[in-house]
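Participant: Provided below are the primary sequence and the corresponding predicted coordinates.
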Amino acid sequence: MRREQSQEKYVPSGGLSGTLFIVGVPIGHPDDLTIRGLATLQHVNLIAAKHPPATQMLLAHHGIHAMLTTYDRSNAAEKAPILLDRLKQGLHIALVSDCGMPVVYDPGRMLINAAVAEHIPIEVVPGASAVVSAAVVAGMACDAFVFEGRCSGDARNLTRRLASLKAESRTMIFFPPVQALRQTLSLLSRILGNRRVVVATDLTHNSQQIVRGRAREVLANYPFHDGHGLLQVTLVVEGMRPARRRERK
């Protein structure tokens, strides 16, 4: 994972701070990396990665040799000042998640806010997003939608959270752990009713699967198994329709 010395790399800016690049990476298929994202990862001095092995696989696919360092929830408070110091020295750093856009259920916010406070230049290099991809493939109303993040925690907390969304009219998008998907759908059908749902797993991978139906139908027929716990699940749930509000009066 050592960076090869190359004239193609950005040259430290001699007295000026470097730039923090927020780079979106593929959510599955490695060729979904944008041309600009590819060029940025080729040229920065350092890549701060949430999960370096996943990032290294992406870089190897594209023939990129780069210096990697870990930046994750477990070390963000310790690593952010170090990366900030490197930026002040003139190094250019790319911040990447394991998939998708940094900051979307990802610890990138701490480093970005630190860079903002020190007036470090920041550039966003947009890329794939599981949230948007799932919203599109679901075919539900997406003029407005709500991203609710992870569906985790015990049944009591999840029940309370879903109950707070009962009257939500916008399409809702969740990242449930695969191990909690059955429980999530069961509580969802009991609390929100038999809504239309879409379960999207491993979006853009060869193993991608899209399951559509009413919550109880999906709950009864979905194959709830993942021996390695590695499936990436995005759950899309339709919002409450006006007709349902009238029925419950």
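Facilitator: In hand now; what should we look at?

Participant: Strands along the protein, start to end?
Facilitator: Ranges of strands within the chain are 20-23, 46-49, 68-70, 93-96, 122-125, 145-150, 171-175, 196-201, 209-214, 233-237, based on DSSP state E.

Participant: which residues sit against the first one?
Facilitator: Same thing as strand 20-23. Here strand 20-23 makes contact (C-beta atoms under 8 Å, 6 or more residues apart in numbering) with 37, 40-41, 44, 87, 92-96, 101-103, 108, 111-112, 115, 120-125, 127. Every C-beta, even on glycine, is put in place using the N, C-alpha and C of the backbone.

Participant: quick one: average confidence on that strand?
Facilitator: The average pLDDT for strand 20-23 rounds to 97.

Participant: Then the last one?
Facilitator: The average pLDDT for strand 233-237 rounds to 95.

Participant: Show me which of the contacts of strand 20-23 are buried.
Facilitator: Burial by neighbour count, 16 or more other C-beta atoms under 10 Å: within these this picks out 37, 40-41, 44, 87, 92-96, 101-103, 108, 111-112, 115, 120, 125, 127.

Participant: Pipe the strands of the chain into CSV and attach distance to V131 per row.
Facilitator: Formatted as CSV, the strands of the chain follow (distance: least, C-beta to C-beta, whole Å):
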stretch, distance to V131
strand 20-23, 16
strand 46-49, 20
strand 68-70, 24
strand 93-96, 17
strand 122-125, 16
strand 145-150, 5
strand 171-175, 5
strand 196-201, 11
strand 209-214, 15
strand 233-237, 7
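
Participant: and the residue nearest to R214 when sequence neighbours are not counted, how many neighbours?
Facilitator: Of all residues not flanking R214 in the chain, N194 sits nearest, at 4.8 Å (C-beta to C-beta, 6 or more residues apart in numbering). Using other C-beta atoms under 10 Å, N194 is surrounded by 14 other residues.
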